[in-house]
Every structure is written in C-alpha cells, then in structure tokens.
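> Would you be able to build a 3D model of this:
(one chain, ligands or ions: 1)
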Amino acid sequence: MKFVPSFWDRARPRRHILQRILEETGDALLSYAHVRRIDPLGLRERLSIPNTVNLWIDSSGFQIGNMVAGRSNIFDVYDFQNSCSQVAISLDTPGDVQETYRNAILTLAYSKGFSISPKIYAVATSDGSFEHLHALVRKYDALDFDGVAVGALIPYGSLRLEQLGLLLTTVARATSKPIHALGIGGYDALYVLAAAGVATFDSSKFLVGAKWRIYHLARGGMIYVGDHYEKKNRRTRQTRTGDLPCRCPACLIAKRIEFFQEPKAESVAILALHNYYMMQNEVQLIKLAMDEGWFHHLFLDRAKKSPSLRRSMGPLGLSKSHKEPSNFA
Ligand SMILES: [Zn+2]
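Predicted structure coming up:
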C-alpha cells in the first residue's frame with residue numbers, strides 16, 4: 001500500500017519547506033479545485049515538483065458537489081490533467097451513481113483522442129446501496145480504466161470504519177484493478193484500507209493537522225503542541241514544553257516542542273513534515289507486517305483500543321482471535 005501525500009498549500013513559505021516531501025515521495029496528489037487557475041503546462045515549475053514525482057490530479061468532484069469549487073465539466077478537468085499529470089481521476093458527482101458513471105466513460109472516450117494520456121482512475125461513488133456500488137465497479141472493471149478510485153470517504157471518517165470496510169470490500173470484490181482511496185483522514189482507517197487490499201490512498205492529514213498544531217505520535221496518538229496558527233484572533237493557551245519524543249529529520253531540526261509554538265509558517269511546515277514521516281512509518285509497518293505474515297496480529301493489537309476498528313473486522317473477513325486462521329495468517 002502506498003501513501004500519496006496530498007500537499008497543496010497556499011502559503012509560499014510553507015510550500016518551500018514541504019518541498020522535502022516532494023523530494024522523498026514518488027507520488028503526490030493535487031486537487032483540480034486548488035490548482036485550476038495555474039497554467040497546467042507550467043505547474044511543475046511553479047510548484048517546484050521534481051520530474052521524478054508522479055503527479056495525481058483528482059477532479060475535485062467532492063468539492064464541486066459541495067459547492068466549494070464552482071462548476072466544471074469533464075473536458076476542462078481532463079484537459080488540465082492531461083497537460084500535467086501521470087494519474088487522472090475522473091470527475092464524480094458524489095452520491096450520484098449514474099452521473100458519475102457517465103462522466104467516467106466520457107473521460108475515457110475523450111482521452112482516446114490524445115496520443116499520450118495519463119492513467120485514468122474511474123471514481124466509484126456510493127448512493128448508500130452496496131448493490132449499486134458493486135454494479136458500477138463491475139462496469140468499470142470491464143472497461144479500459146487503469147484503476148478505480150473510491151471517493152467521498154470523508155463522511156465515513158475514522159469513526160465509521162465498519163462502513164468503510166463494507167464499502168471497500170464491495171469495490172474489491174467487483175474489480176481486479178488497483179484501488180485508490182481518496183482523502184483518508186484517520187490512522188485507524190489505514191488498517192481497514194490495507195485489509196481490503198487498497199493499493200494507494202491520499203491524505204492531507206499531515207498538513208491539515210499541522211495547521212492546528214497537532215503533532216502525531218507513533219501508533220495513531222496525537223498531542224496539541226500549540227495554538228492554531230492564525231494571524232488574527234490568536235488564542236493563548238498553556239501548552240506543553242520540552243524535548244520531542246521523535247528522532248525523524250523534522251524533529252531533529254525542531255529539537256523542542258516550543259519550536260512548534262512559534263507563529264511562523266516554517267514551524268507549521270516542519271510539523272507537517274514530522275506528521276508526514278509518522279504516516280509514512282505507519283504505512284511501512286503495515287507493509288512489513290503483510291509481507292512477513294503478521295498483519296492480522298498487528299490489526300488485532302491496533303483494534304484493542306479502537307471499538308470502531310474492531311467492528312470493521314466482520315466486513316473485512318478478519319477473525320477476532322489470534323488462534324483462528326484468517327485471511328492474513
Ligand atoms: Zn518527528
């Protein structure tokens with residue numbers, strides 16, 4: 001399973017430091033809604049994205065559906081994606097299975113008119129019926145898409161992992177194509193993704209959390225290390241001080257918790273970098289456990305402190321005991 005950091009940031013000083021992530025990661029995701037005003041041909045140069053990075057551009061169907069991003073059509077979105085990305089995610093209409101399917105096949109047909117095309121992932125959306133979802137993904141499976149992206153997972157959040165498990169296993173049963181999970185927020189969700197066989201996922205949690213001065217700890221914990229970074233109305237609050245419990249490259253720069261309390265873009269960016277390493281470590285641990293055959297044990301251990309994760313085990317076909325054989329024994 002691969003973590004594709006979703007890294008858009010309006011603040012230029014932060015972008016400069018977040019560059020470290022781009023140098024390390026092989027893949028990064030940007031949302032069309034965020035970058036649509038930038039000339040796609042100059043996008044890599046403008047945002048200093050190395051040529052070694054596979055750029056994923058999602059269609060922002062979620063934002064558009066929620067009226068955050070205005071109206072778009074599949075041609076505008078695809079033209080943009082085709083000019084700068086290696087992976088293009090079709091424009092979905094969250095909750096509308098028919099419309100989302102129409103958009104996906106229109107995108108595929110339109111892409112055939114270009115000599116070079118990015119990989120195209122069709123979005124699987126859900127109207128609440130798992131039968132409709134299954135039928136939609138079966139249709140995608142028979143077509144020339146490179147993968148299936150599962151969208152609108154945000155409403156499920158980390159609290160509804162049972163639903164997330166059902167959704168992802170329904171998609172996995174309907175296709176043999178790689179599955180990408182869009183917009184993942186919680187650390188526990190990573191275990192559901194891995195158990196369902198998801199190939200890639202994107203998350204901006206490392207960056208969004210950093211803006212709220214959230215410092216992620218190993219194994220899904222977190223602490224607040226300061227006030228929310230905001231120029232106006234800055235609240236003052238007593239926060240902890242002292243050494244950092246981590247030796248990642250970001251924490252070696254920061255050294256102490258107080259560093260993250262400075263009202264500077266740099267401190268937020270370094271915090272985001274630490275959070276990025278934490279999520280990347282968690283993914284590495286999951287991968288290792290899967291390769292070595294002890295993922296089931298890791299999952300059970302993790303589920304001890306998460307009732308929601310425990311409830312997801314049924315839909316995922318995982319046994320709740322160490323003794324019984326499981327999919328991953
Ligand atoms: Zn760290």
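> interface residues of the stretch 201-329 of the chain facing the ion?
Residues of the stretch 201-329 of the chain that fall close to the ion, judged by CB under 5 Å from the ion: 246, 248, 250-251, 274. For every residue, glycine as well, the C-beta is placed using N, CA and C.
> rerun that using 6 Å as the cut-off
For the stretch 201-329 of the chain, the contact set with the ion under CB under 6 Å from the ion comprises 246, 248, 250-251, 274, 277.
> could you list every residue that touches the residue of the stretch 1-150 of the chain found nearest the ion?
Nearest residue of the stretch 1-150 of the chain to the ion: residue 20, at 12.5 Å (CB to the ion). Counting by CB atoms under 8 Å, 6 or more residues apart in numbering, residue 20 touches 249, 273.
> Confirm it sits in a helix?
Yes - assessed by DSSP: H, G, I helix; E, B strand; the rest coil, residue 20 belongs to a helix.
> And the pLDDT at it?
For residue 20, the pLDDT comes out at 85.
> how near is it to residue 257?
Distance of residue 20 to residue 257, given as CB to CB, to the nearest Å: 20 Å.
> Equivalent analysis for residue 95, please.
In terms of CB to CB, residue 95 sits 42 Å off from residue 257.
> ok, the two, which is more surrounded?
For residue 95 versus residue 257, the count of surrounding residues by other CB atoms under 10 Å is larger for residue 257: 19 against 15.
> ok, now which ones touch the residue lying closest to residue 166 once chain neighbours are set aside?
The shortest distance from residue 166 to any non-neighbouring residue, by CB to CB, 6 or more residues apart in numbering, is to residue 315 (4.4 Å). Neighbouring residues of residue 315 by CB under 8 Å, 6+ apart: 162, 165-166, 169.
> Whichever of the residues you listed end up buried, select them in PyMOL.
Per 16 or more other CB atoms under 10 Å, the buried members of these correspond to this PyMOL selection:
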select buried, resi 162+165+166+169
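> could you pick out which of the contacts of residue 315 are near the ion?
Among the contacts of residue 315, not one lies near the ion by CB under 6 Å from the ion.
> biggest separation within the contacts of residue 315, which pair?
162 and 169 (10.9 Å; CB to CB).
> Doesn't residue 184 belong to a helix?
No - according to three-state DSSP, residue 184 belongs to no helix; its state is coil.
> which ones are touching it?
So residue 184 contacts 153, 190, 193, 201-203, 205 (CB under 8 Å, 6+ apart).
> Kindly indicate which of those lies nearest residue 80.
residue 202 (17.5 Å).
> Next, the closest one: secondary structure please.
From three-state DSSP, the assignment for residue 202 is strand.
> what does the one 5 residues further on give?
Put simply, residue 207 is helix when judged by three-state DSSP.
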